[in-house]
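S.K.: from the sequence below, what's the structure:
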Amino acid sequence: MLVSHFLEQDEIKRNGDFKPAALLPSRTLRTSVFRTDDVAEARIWEIADAEVVAKRTDRVISIHGRAEMRDSAISAAGLALDPRIPEREAHADIIGWPAEVDERLDRALAIREAGAYLRLRA
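M.R.: Just a heads-up that it's a prediction; the model follows:
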């Protein structure tokens, strides 16, 4: 299964990669992703606007790219995918993050090293 985590400009490196810290979980130890297997490119960006940008209430954001990864990259990092979020289209969460911040960053880096890549918004 292919999943995408949407990125703001400050989460994208100048070398064309994304910062592993972009994958770090929220205070609830969950990282929001969207299942994007067999979803048209234009529809993926529509999901970003409808499910991420429009629902952000604490500040205005703009999506500049997305980190795409296979669920196997998530499991290779010792994490899991929880797809049981029925009220949001194609939504899932990366779960199983350790309590220690340094360990979380190691897991995020492991996801990137297991094949996650950046796709910029056109």
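S.K.: and Ile74, how many neighbours?
M.R.: 26 (other Cβ atoms under 10 Å). No exception for glycine: its C-beta is placed from N, CA and C like everyone else's.
S.K.: give the contact list for it.
M.R.: Contacts for Ile74 (Cβ atoms under 8 Å, 6 or more residues apart in numbering) come out as Val3, Ala80, Leu81, Ile94, Ile111.
S.K.: so which of the residues you listed are in helices?
M.R.: Ile111 (DSSP state H).
S.K.: from the contacts of Ile74, list the buried ones, please.
M.R.: Val3, Leu81, Ile94, Ile111 (16 or more other Cβ atoms under 10 Å).
S.K.: for those, name the two members farthest from one another.
M.R.: Farthest pair in the buried ones among the contacts of Ile74 (Cβ to Cβ) is Leu81 and Ile111. Separation: 11.2 Å.
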